[in-house]
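K.L.:
Provided below are the primary sequence and the corresponding predicted coordinates.
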Amino acid sequence: LDEHKWPLSAEEYKRYGRQMIVPSVGIQGQLRLKAAKVLIIGAGGLGCPAAAYIAGAGVGTLGIVDGDVVETSNLHRQILHGTEKIRWKKVDSMIASLKSLNPNPAYVAHAEHISPQNSESIVKQYDLVLDCTDNPASRYLISDICILLQKTLISASALRTDGQLIVLNLPPLPAGAEGGPCYRCVFPKPPPADTVVSCGDGGIIGPVVGVMGVMQAVEAIKIITSGKIDSSAEVAGSGENTKQEPTLMLLFSANSSQPFRSVKLRSRRAGCFACSKDSQLSLESLTSGSVDYVLFCGFTSPTKIL
Amino acid sequence: LDEHKWPLSAEEYKRYGRQMIVPSVGIQGQLRLKAAKVLIIGAGGLGCPAAAYIAGAGVGTLGIVDGDVVETSNLHRQILHGTEKIRWKKVDSMIASLKSLNPNPAYVAHAEHISPQNSESIVKQYDLVLDCTDNPASRYLISDICILLQKTLISASALRTDGQLIVLNLPPLPAGAEGGPCYRCVFPKPPPADTVVSCGDGGIIGPVVGVMGVMQAVEAIKIITSGKIDSSAEVAGSGENTKQEPTLMLLFSANSSQPFRSVKLRSRRAGCFACSKDSQLSLESLTSGSVDYVLFCGFTSPTKIL
Amino acid sequence: MASEDKFNLVVEFSGGLELLFSGRRKLTISVPIKDNEGQAVTVGWLVHYLCNEVMEDSRKNMFVLDGHVCPGILVLINDADWELEGEASYALQPNDNVLFVSTLHGG
Amino acid sequence: MASEDKFNLVVEFSGGLELLFSGRRKLTISVPIKDNEGQAVTVGWLVHYLCNEVMEDSRKNMFVLDGHVCPGILVLINDADWELEGEASYALQPNDNVLFVSTLHGG
Ligand SMILES: [Zn+2]
Ligand SMILES: [Zn+2]
């Protein structure tokens, strides 16, 4: 028998069977997952659970960006690391765990923090980006490069007992098009630097950031399996893809009696620095460092991605 | 310096510091976690993420009940197992991963399915129970034993793109008391056997069951750190504990524009078979097998816990 | 029947029950103020209306069994268990939200 | 002022902003139908009312900075970004829900 007549191997049918029989996935959704290249920026409290479920679902390529090493204080929430991996690079620790869970995807380690200098060369290799970082400067940078390279961005954050999630730039469109907002459309001005609290300073309950990371994986699998970022699908079914759904932000408060709430955000902002037709942003200005993200966000100490 | 003057070791302060600075946890919450004995029934799609975050948070004792072995088809969602652990007992595979994440808790393997015969001797060793099983018969059995032994129960379930979560018997009370409902108060009659669909038959998206398991960990940590199941805390602050909050059910539908919804459930049902003053249930009748859960739920094939 | 003799409700299905209603998760339904016997319409009336007039799937006994909502299906009126509201006898009000949820057992 | 000259709103704080309001996540607030100049009360009016009359914390500039809601705080009127509703000039209606959310950056 010619194995090549089957789009997936026998091992893949067995491994992914339980999700392939879900009607919204199916064989087409599984093949889209296998073709997808996903980038997770930040191998911490959000990145660990997001990566576990995205790798488990069988994406083709999974890249991880992080310049940090594993510390004891990470382990209550960063569930892909381990006590024997303290002082390992987080990207290496995470990829070792992911390979054990699912050896099929190609894993790519980017053992450095995301920066204006490396962002273009890293992000352009992928179809979909997850922002799992820990500071405003990286959030603006990641949103900007996703607009310039036309990538959809799944951005989540958490602190103490609360979490937030937004899917940005869906469908992925160039500056000047009408579509879903970028991070700057929603937050045109960064918060005053002295009001920004990291998980290191403010604290975080492990499964609170965990639930937000898992929700990033839910969104990633929905977006990939539905063909929403698949350029060939867009050509095939352009009628379906023109309807713009409103962009929602998911809010989570563990101590509230109504712990989840979805609120409706604006679409793209006329005059947005990054995504409007009057955009002042270019790959050249970004990579040359003429947009100073750290200064823009008023940071005086070096930024640190948890 | 006398190390014993500090309630936690230096390693514990480092490991749990990020959650201890959250005001609703604090040192008291961390000590309550360390004193807590938690039982997870089912080492599958719900049990894996729930166990990871509950172990990471530093509970004192974590018991796992499951009679199955790891299979390839589990791995897209059961993130504590791994490809090299196929055919291992799930409880052993899970505990190996948990020990790597956090060696501090005492882990107890119960390598058998929960049954009327073993449920009393297992459940009585713990303070809080998570139902992470996969079939109606075990859900009724676990609820019944939790009423008989006065344990709070965090029950979750998932299928395809949907999930559900309820906290039952909170505060933990004997039959006849007024309080939060048991599983039978909410579902007095089991569903017709031919309408029950397992994840094996109906399919499941990995992070959908993942988000429900992580939410079980959120609820467990909230309940333990707030002292709600701590009998000594009840004596100290009885005024606070008398206010009965309504029991909520969390509904999740990944494909809905409003993916989460919290709905209000009833309190205990007059005449409930398990928790009312007219209860017909006793430890003797349960363990002797005179309540036939499998027959009650109309199963013709042996039940299987995923 | 004049439009002022009717009012609107939102009916939702979740937990897989939407598969019995052609995949529809949310319907707006116009119901009469009074039933054929001149009584206020109740949730019990709505259940039979949905089963007889809206549901196209032939597996009716997965929604209504022996004249009652199938065991394992929760009915929520404005996000509260209908047992808090008088169950099937609850008289529907304009703009009420009635949610039917199939209980899940997987894990 | 007679009670018919006032109406009720629900104001909520989330994302840690509740810590600036004595830990309160949800308030019901009674507001006048018209402001001192006889104009309909707006969300802009509400922001200053909350800052001046409700907030006990002294860190006022973590909520209002240079006369505007601090960057990084989202304002949602009935669960929609206030920029969809006319921002600060939106005229409040009885039973409106106004949610202030502090943006989180941790991960
Ligand atoms: Zn923009
Ligand atoms: Zn009961």
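P.N.:
Nice, thanks for sending it over. Ligands and ions are numbered 1, 2, ... in the order given.

K.L.:
what residues are up against the residue nearest to the spatial centre of chain C?
P.N.:
Centroid-nearest residue in chain C, with Cα atoms, centre = their mean: C:Val47, separated by 4.3 Å. For C:Val47, the contact set (Cβ atoms under 8 Å, 6 or more residues apart in numbering or on different chains) comprises C:64, C:69, C:75, C:88. Using the backbone N, CA and C atoms, a C-beta is placed for each residue, glycine as well.

K.L.:
try 10 Å this time
P.N.:
C:63-64, C:67-69, C:73, C:75, C:88, C:98, C:100 (Cβ atoms under 10 Å, 6 or more residues apart in numbering or on different chains).

K.L.:
repeat that for A:Lys277.
P.N.:
Contact analysis of A:Lys277 by Cβ under 10 Å, 6+ apart lists A:174-178, A:268, A:270-271.

K.L.:
C:Pro32 now?
P.N.:
Applying Cβ under 10 Å, 6+ apart, we find C:Pro32 in contact with C:1, C:5-7, C:40-41, C:45, C:49.

K.L.:
quick check, A:Cys297 in contact with A:Thr195.
P.N.:
No. A:Cys297 is beyond contact range of A:Thr195, at 11.2 Å (criterion: Cβ atoms under 10 Å).

K.L.:
what touches both of the two?
P.N.:
Contact criterion Cβ under 10 Å, 6+ apart; residues bridging A:Cys297 and A:Thr195 by contacting each: D:His105.

K.L.:
buried ones in stretch C:87-105?
P.N.:
For stretch C:87-105, the buried set under the neighbour-count rule, 16 or more other Cβ atoms under 10 Å in any protein chain shown, comprises C:87-88, C:90, C:92, C:96, C:98-105.

K.L.:
name the nearest of the contacts of A:Lys277 relative to B:Phe252.
P.N.:
A:Arg268 (29.4 Å; Cβ to Cβ).

K.L.:
and what about that closest one, helix, strand or coil?
P.N.:
Under the three-state scheme (DSSP: H, G, I helix; E, B strand; the rest coil), A:Arg268 adopts coil.

K.L.:
how about it, phi and psi?
P.N.:
Main-chain dihedrals, A:Arg268, degrees, to the nearest 10: phi -60, psi 150.

K.L.:
what does C:Ile73 give?
P.N.:
Torsion angles, degrees, to the nearest 10, at C:Ile73: phi -110, psi 120.

K.L.:
please name the nearest non-neighbouring residue to C:Val43.
P.N.:
C:Tyr90 (4.8 Å; Cβ to Cβ, 6 or more residues apart in numbering or on different chains).

K.L.:
how far away is that neighbour from chain B?
P.N.:
Separation of C:Tyr90 from chain B (Cβ to the nearest Cβ, to the nearest Å) stands at 14 Å.

K.L.:
C:Leu9 is in contact with that residue, correct?
P.N.:
No. Taking contacts as Cβ under 10 Å, C:Tyr90 lies outside contact range of C:Leu9: 11.9 Å.

K.L.:
between these two, which contacts overlap?
P.N.:
The contact sets of C:Tyr90 and C:Leu9 overlap at C:43, C:46, C:96, C:98 (Cβ under 10 Å, 6+ apart).

K.L.:
secondary structure element for the residue nearest to the centre of chain C, which one?
P.N.:
Taking DSSP states H and E as the criterion, C:Val47 maps to helix C:43-49.

K.L.:
list the buried ones in that helix?
P.N.:
By neighbour count on 16+ other Cβ under 10 Å, the buried set for helix C:43-49 is C:43-47, C:49.

K.L.:
distance to ligand 1 and pLDDT for those - can I get that in CSV?
P.N.:
Supplementary listing: those in CSV, determined by distance: Cβ to the ion, whole Å; pLDDT from 0 to 100:
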residue, distance to ligand 1, pLDDT
C:Val43, 46, 96
C:Gly44, 51, 95
C:Trp45, 50, 95
C:Leu46, 45, 96
C:Val47, 48, 97
C:Tyr49, 47, 95
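
K.L.:
and which of these is nearest to chain B?
P.N.:
Using Cβ to the nearest Cβ, the shortest approach to chain B within the buried residues of helix C:43-49 belongs to C:Val43, at 15.0 Å.

K.L.:
helices and strands around the helix or strand hosting A:Glu12, which ones?
P.N.:
Here A:Glu12 is covered by helix A:10-20, with elements defined by DSSP H and E. Secondary-structure packing of helix A:10-20 (3 or more Cβ pairs under 10 Å, 6 or more residues apart in numbering or on different chains; DSSP states H and E): helix A:26-35, helix A:47-56, helix A:206-225, helix B:199-202, helix B:206-225.

K.L.:
comparing those helices, which gets the lowest mean pLDDT score?
P.N.:
Ranked by mean pLDDT, those bottom out at helix B:199-202, which scores a mean of 84.

K.L.:
between the helices and strands packed on helix A:10-20, which gets nearest to chain C?
P.N.:
Taking Cβ to the nearest Cβ, helix B:199-202 is the member of those nearest to chain C, at 3.8 Å.

K.L.:
gap between the residue of the stretch 51-200 of chain A found nearest ligand 2 and chain D?
P.N.:
Of all residues in the stretch 51-200 of chain A, the one sitting closest to ligand 2 is A:Thr161 (30.3 Å; Cβ to the ion). Distance of A:Thr161 to chain D, computed by Cβ to the nearest Cβ: 9 Å.

K.L.:
on that earlier part again, closest to chain D among the shared contacts of C:Tyr90 and C:Leu9?
P.N.:
Of all these, C:Asp96 has the smallest distance to chain D: 17.3 Å, by Cβ to the nearest Cβ.

K.L.:
please name the nearest non-neighbouring residue to that closest one.
P.N.:
Take C:Asp96 and drop its neighbours on the chain: the residue closest to it by Cβ to Cβ, 6+ apart is C:Leu9, 5.2 Å away.

K.L.:
the residue of the stretch 51-200 of chain A closest to ligand 2 reaches B:Ile21, doesn't it?
P.N.:
No. Look at A:Thr161 against B:Ile21 with Cβ under 10 Å: they stay out of range, at 12.0 Å.

K.L.:
more crowded one of the two?
P.N.:
Set side by side, A:Thr161 and B:Ile21 show more neighbours around A:Thr161, with 23 against 17, by other Cβ atoms under 10 Å in any protein chain shown.

K.L.:
can you tell me the closest non-neighbouring residue to the more buried one?
P.N.:
Distance criterion Cβ to Cβ, 6+ apart; nearest residue to A:Thr161, sequence neighbours excluded, is A:Ala254 at 4.2 Å.

K.L.:
was I right about A:Glu71 contacting A:Ile86?
P.N.:
Yes. Shown here, A:Glu71 and A:Ile86 form a contact pair, counting by Cβ under 10 Å, at 6.5 Å.

K.L.:
so where does A:Leu251 fall, helix or strand?
P.N.:
Going by DSSP H and E, A:Leu251 is part of strand A:248-253.

K.L.:
state the next helix or strand along the chain beyond that strand.
P.N.:
Where DSSP H and E defines the elements, the next helix or strand beyond strand A:248-253 is strand A:260-264.
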